[in-house]
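Student: using only what follows, build the 3D model:
(one chain, ligands or ions: 1)
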Amino acid sequence: MQENTENLYARPHRRFNLLTNEWVLVSPHRTQRPWQGQVEDKPKEKQPEYDPNCYLCPGNERAGGAVNPDYQDTFVFTNDYAALLPDTPEAEQNENDLLIAESERGLSRVICFSPRHDLTLAKMSTKEIRRVVDVWAAQYEEIGAIDYIKSVQIFENRGAMMGASNPHPHGQIWANESLPNETVKELNASRAYFEKHGRSLLSDYLKTELEKGERIVHQNKHFVTLVPFWAVYPFETLVISRRQTSAISDLTANERDGLADILRETTANYDLLFDTPFPYTMGFHQRPTDGEDYPELHLHAHFYPPLLRSATIRKFMVGYELLGSPQRDITPETAAEMLRELKEK
Ligand code: ZN
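Tutor: The predicted structure follows:
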């Protein structure tokens, strides 16, 4: 059903997140409120190409005593402070359905995207990012083949505001034997949609967004970046593969180039928005690695950037958002338009 949404979007309303079955409150009239709250430090503009004190730079010693090889493009190693450990013994607790816990096996790895300390995805070439895509795909397959691993979560925390402990361009993989919360929510929603309609939820959603156009930010032959209809963070985006596939390792060579290119475009454009290296958490959602087929799942990446209205003012998830539902001020349509206009400059 086609609705006239002009009045709806101009006033307080809520939108449904198809992937998580949760609602977000949108308050477009509130964008003019004065800000007297916390202001963050602007990140240091210039990093050196090599930092002798960086534990990720080639040839340097890490905290655990290991020495990094003199790597030329990418470098993968087991996190010296891994959140998950492969040799965790099995144990569980259930006291009267009240105190419930279970052991969790897994592993954590770090992926250096480049030997250059001063680069970011936004400053790397498509060819360089393509190598990172290949490493992600190979790691997904290698770790996913471990018999007890069901979930391989690939992500990047970029910028001190998102808790990244080191500016050297790198990402992480946390893999474990149970499915994490967000994966379970998206799996349930995608499965319900697939059973009802016989197609992947994101295939149909992407088709609708391409027809409407108002939330599209970037697109190439293989991938599309858009501000999702239900975005919580002001400049949150979703990168969706045009072809329905459920894992990064299934992508063809051309599709991997397409992914590398749209990641470069998306991150470079973010940096232009507030004239600052844009902080974010980015990560992929793909099928569990339990050997099952997941025709309902559709490969995508989420970008969650915390910045609200300038390089130094961030969004906080507090108050009503912690107790009730998340809330945003500017509409996703406005955010998409702002990002698109930068691109056209
Ligand atoms: Zn997702």
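Student: going forward, measure contacts between C-alpha atoms and count neighbours the same way
Tutor: Will do.
Student: mind checking the SS state of residue 249?
Tutor: Following DSSP: H, G, I helix; E, B strand; the rest coil, residue 249 is assigned to helix.
Student: neighbours around the nearest residue to it once chain neighbours are set aside, how many?
Tutor: The shortest distance from residue 249 to any non-neighbouring residue, by Cα to Cα, 6 or more residues apart in numbering, is to residue 137 (4.4 Å). As a burial measure, residue 137 scores 18 neighbours (other Cα atoms under 10 Å).
Student: what's the answer for residue 180, then?
Tutor: Neighbours of residue 180 using other Cα under 10 Å come to 14.
Student: just residue 14 next, same as before
Tutor: 18.
Student: ok so it is a strand residue?
Tutor: Yes. Per three-state DSSP, residue 14 lies within a strand segment.
Student: how near is the residue nearest to residue 249 to residue 284?
Tutor: 11 Å (Cα to Cα, to the nearest Å).
Student: also residue 22?
Tutor: If you go by Cα to Cα, the gap between residue 22 and residue 284 works out to 20 Å.
Student: who's more crowded, those two?
Tutor: Between residue 22 and residue 284, counted using other Cα under 10 Å, residue 284 has the larger neighbour count: 21 against 13.
Student: now do the contacts for the more buried one.
Tutor: 153-155, 299-302 (Cα atoms under 8 Å, 6 or more residues apart in numbering).
Student: also residue 16?
Tutor: Neighbours of residue 16 in contact, by Cα under 8 Å, 6+ apart: 22-24, 230.
Student: and residue 161, helix, strand or coil?
Tutor: helix.
Student: and for it, the neighbour number?
Tutor: With neighbours defined by other Cα under 10 Å, the count for residue 161 comes to 21.
Student: okay but it is in contact with residue 278, surely?
Tutor: No. Look at residue 161 against residue 278 with Cα atoms under 8 Å: they stay out of range, at 9.6 Å.
Student: the residue lying farthest from the centre of the chain and residue 76: what is the separation?
Tutor: Of all residues in the chain, residue 96 has its C-alpha farthest from the mean position, at 37.5 Å, by Cα atoms, centre = their mean. Residue 96 sits 43 Å away from residue 76, going by Cα to Cα.
Student: ranges for the strands of the stretch 201-345 of the chain?
Tutor: With strands called from DSSP state E, counting those that start in this stretch, the stretch 201-345 of the chain shows them at 216-219, 223-226, 237-241, 280-285, 300-304, 307-310, 313-314, 327-328.
Student: wait, the stretch 1-150 of the chain
Tutor: 13-17, 22-26, 75-78, 92-95, 99-102, 106-112.
Student: highest mean neighbour count out of these?
Tutor: Compared across the strands of the stretch 1-150 of the chain, strand 106-112 shows the largest average neighbour count, a mean of 22 (mean count of other Cα atoms under 10 Å).
Student: for that one, packing partners?
Tutor: strand 75-78, strand 170-176 (3 or more Cα pairs under 8 Å, 6 or more residues apart in numbering; DSSP states H and E).
Student: same thing but 10 Å
Tutor: Of the remaining helices and strands, those touching strand 106-112 by 3 or more Cα pairs under 10 Å, 6 or more residues apart in numbering; DSSP states H and E are strand 75-78, helix 126-144, strand 151-158, strand 170-176.
Student: list the contacts of the residue positioned nearest the centre of the chain.
Tutor: Using Cα atoms, centre = their mean, the residue of the chain that lies closest to the mean C-alpha position is residue 282, 2.4 Å off. Going by Cα atoms under 10 Å, 6 or more residues apart in numbering, residue 282 touches 154-158, 171, 236-238, 301-305.
Student: quick one, the lengthiest helix in the chain and strand 280-285 angle?
Tutor: Identified as the longest helix of the chain according to DSSP state H is helix 253-273. Here helix 253-273 runs at an angle of 160 degrees relative to strand 280-285 (axes from the mean of the first three to the mean of the last three Cα atoms, to 10 degrees).
Student: quick one: average pLDDT of helix 253-273?
Tutor: Per-residue pLDDT values across helix 253-273 average out to 96.
Student: ok, and for that helix, which residues are buried?
Tutor: 255-271, 273 (16 or more other Cα atoms under 10 Å).
Student: next: stretch 115-133.
Tutor: 115-124, 126, 128-133.
Student: again with stretch 70-85
Tutor: 74-76, 79, 84.
Student: now distance to residue 322 too, for those residues, in CSV please.
Tutor: Formatted as CSV, the buried residues of stretch 70-85 follow (distance: Cα to Cα, whole Å):
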residue, distance to residue 322
74, 38
75, 38
76, 36
79, 31
84, 27
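Student: so which of the residues you listed comes closest to residue 15?
Tutor: residue 84 (35.4 Å; Cα to Cα).
Student: shouldn't the closest one be in contact with residue 175?
Tutor: Yes. Here residue 84 reaches residue 175: they are 7.8 Å apart, a contact under Cα atoms under 10 Å.
Student: tell me, what's touching the two both at once?
Tutor: 105-109.
Student: for the residues you listed, which one is nearest residue 69?
Tutor: residue 109 (15.8 Å).
Student: which residues does that closest one bridge with?
Tutor: On the basis of DSSP bridges, residue 109 is bridged to residue 78, residue 173.
Student: ok, and the closest non-adjacent residue to residue 68?
Tutor: Using Cα to Cα, 6+ apart, the closest residue to residue 68 is residue 59 (4.8 Å).
Student: count the residues that sit near the one you found.
Tutor: Neighbours around residue 59, by other Cα under 10 Å: 15.
Student: might you report the residue contacts of it?
Tutor: Residue 59 neighbours (Cα under 10 Å, 6+ apart): 52, 66-71, 115.
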